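*Asks:* got a predicted model here, sequence first, then my questions.
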Amino acid sequence: MSTSPEKPSSRRSLLTWFSGAALAGSAAISAIANFVFMKPRATYGQPSRYLIGRPDDYPTGTRISVDARRICVVREGQKLAVISTICTHLGCTVGISDTGFACPCHGSRYDQDGNVTGGPAPKSLAWYRVQLAPNGELEVDTNAQVNQGTYYNL
Ligand code: FES
């Protein structure tokens, strides 16, 4: 009975090659996992500065609610302002009414400038800074509140 002689050195080199390949694969998977782990996955909500279109999108004499941004754009002649539509009571989105703004949640009422005229709201609606961006669009910054009655001159 004879068995084919196998060179011990070739089996050893094959096992060494497989071990090396397994080690390299393991290192590659570990490196990818570390990269994925280090990459931040957090989102921080909407940015505070954003563009809302060109001034011509807001004809003079209009009050246009931009629901996605929870703001109201007010245009009077060549002046423009942005008023928050976030109710100062508990944060519902107020709607535009004949007399100003009205909150559907608990009945707060605001006048055209956002002053409280009724309901549980503790303070008036915020006014945000708005200005023309270099590309000609209006840029709102909800981190920058301005005094009530502050309009941007177009
Ligand atoms: S959230 Fe607007 S009145 Fe309460």
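*Replies:* That came in fine, so what should we check first?
*Asks:* which residue packs closest to the residue nearest the centre of the chain, ignoring adjacent ones?
*Replies:* With distances taken as Cα atoms, centre = their mean, residue 46 lies nearest the centre of the chain, 1.1 Å away. Nearest residue to residue 46 in three dimensions, chain neighbours excluded: residue 69, at 7.6 Å (Cβ to Cβ, 6 or more residues apart in numbering). For the C-beta atoms, the positions are set from N, CA and C on the backbone; glycine is no exception.
*Asks:* can you list the buried residues in stretch 96-104?
*Replies:* Buried positions in stretch 96-104, judged by neighbour count with 16 or more other Cβ atoms under 10 Å: 96, 100, 101, 102, 103.
*Asks:* sorry, wrong one. I was asking about stretch 103-118.
*Replies:* Applying a neighbour-count criterion of 16+ other Cβ under 10 Å, the buried positions in stretch 103-118 are 103, 108, 109, 110, 114, 116.
*Asks:* need those residues in CSV with pLDDT, can you?
*Replies:* Shown next, in CSV, are those (pLDDT from 0 to 100):
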residue, pLDDT
103, 97
108, 96
109, 97
110, 97
114, 96
116, 97
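*Asks:* re earlier: next up, the contacts around the residue nearest to residue 46.
*Replies:* 46, 50, 52, 140 (Cβ atoms under 8 Å, 6 or more residues apart in numbering).
*Asks:* now the residues you listed as CSV including secondary structure and distance to the ligand?
*Replies:* CSV is the format used below for the contacts of residue 69 (DSSP: H, G, I helix; E, B strand; the rest coil; distance: Cβ to the nearest ligand atom, whole Å):
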residue, secondary structure, distance to the ligand
46, coil, 20
50, strand, 24
52, coil, 23
140, strand, 22
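*Asks:* show me which of those residues are buried.
*Replies:* In the contacts of residue 69, burial by neighbour count holds for 50, 52, 140, counting by 16+ other Cβ under 10 Å.
*Asks:* for the last one, what are its contacts?
*Replies:* Shown here is residue 140, whose contacts under the criterion Cβ under 8 Å, 6+ apart are 49, 50, 51, 52, 69, 71, 82, 128, 129, 130.
*Asks:* great, nothing more from me.
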